[in-house]
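Novice: 3D, please:
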Amino acid sequence: MIRLNPSLTLAVVASAVVGVTTAATNPQFVGFSYAFAGGLIGGAGIATEKSLRQKQKSETATRVASCFAALYEANKGIVDPTQLGVIANIPFDLAHAYLTDIAERTNGQKISVKQGSGAVFVYPHTQSALDELTTNAKNWADAQTKQLNEELNQHKQALQFMRLQQASAAVPKTPAPTQSPWENVSP
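Specialist: Purely as a prediction, here's the structure:
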């Protein structure tokens, strides 16, 4: 079923009414009524075209935003313009421009790579921030306890050395034999 554009249909009907009315009442002005009709139909066509472009831009923006959100969450803040372009069905230069704009607004970083489109974009992500905070906290705790662990190991070694000295001092020393072990042996 063919769907008619309401503004274009209205322009054609109005032009026909004006043309017939002018032809019936003042035939010498029919040329002006046709010019008016052409302008009216042309304007309606331009308005329709603009409306279609705006609708397409809106649909593309929605598609790109949803694809960006999915890639952002799946990759924890890392988005490749080539991947976005393929998934959102947009040109790669448009995907790159979109990601560059977002990076400028959100303190994202553009990282150059040798393969693919030449760059990926890294945006702040809560999971990445939590991982970084956890790593920083672990490193801080390790640094705080490192010296204490070294001192503890030194004390353990000293204690072990003292125990060995004490154990060796407690062992009774056997007197050296006074006779030679070869004295009772006959040749």
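Novice: going forward, measure contacts and count neighbours with C-alpha atoms only.
Specialist: Noted.
Novice: so how far is stretch 156-167 off the chain centroid?
Specialist: 58 Å (Cα atoms, centre = their mean, to the nearest Å).
Novice: swap in stretch 99-109?
Specialist: 11 Å.
Novice: list the buried ones in it?
Specialist: 99-100, 103, 108-109 (16 or more other Cα atoms under 10 Å).
Novice: taking those one by one, which sit in helices?
Specialist: Here DSSP state H is the test, and the buried residues of stretch 99-109 give 99-100, 103 as lying in helices.
Novice: with distance to A119 and pLDDT as extra columns, can I get those residues in a markdown table?
Specialist: Shown next, in a markdown table, are these (distance: Cα to Cα, whole Å; pLDDT from 0 to 100):
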| residue | distance to A119 | pLDDT |
| --- | --- | --- |
| L99 | 10 | 85 |
| T100 | 10 | 85 |
| A103 | 12 | 83 |
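Novice: wait, which of those residues is closest to N139?
Specialist: Closest approach between those and N139, by Cα to Cα: A103, at 29.6 Å.
Novice: poorly predicted segments of this structure, please.
Specialist: The model of the chain has pLDDT under 70 over residues 1-2, 114-117, 125-133, 171-187.
Novice: now do 80
Specialist: 1-8, 76-77, 107-109, 111-118, 123-144, 167-187 (pLDDT under 80).
Novice: could you chop the chain up by domain?
Specialist: Residue ranges for the domains of the chain, per automatic domain parsing: 7-71, 75-123, 125-167.
Novice: how far off centre is the second one?
Specialist: Think domain 75-123. Distance, centroid of domain 75-123 to centroid of chain: 8 Å (Cα atoms, centre = their mean).
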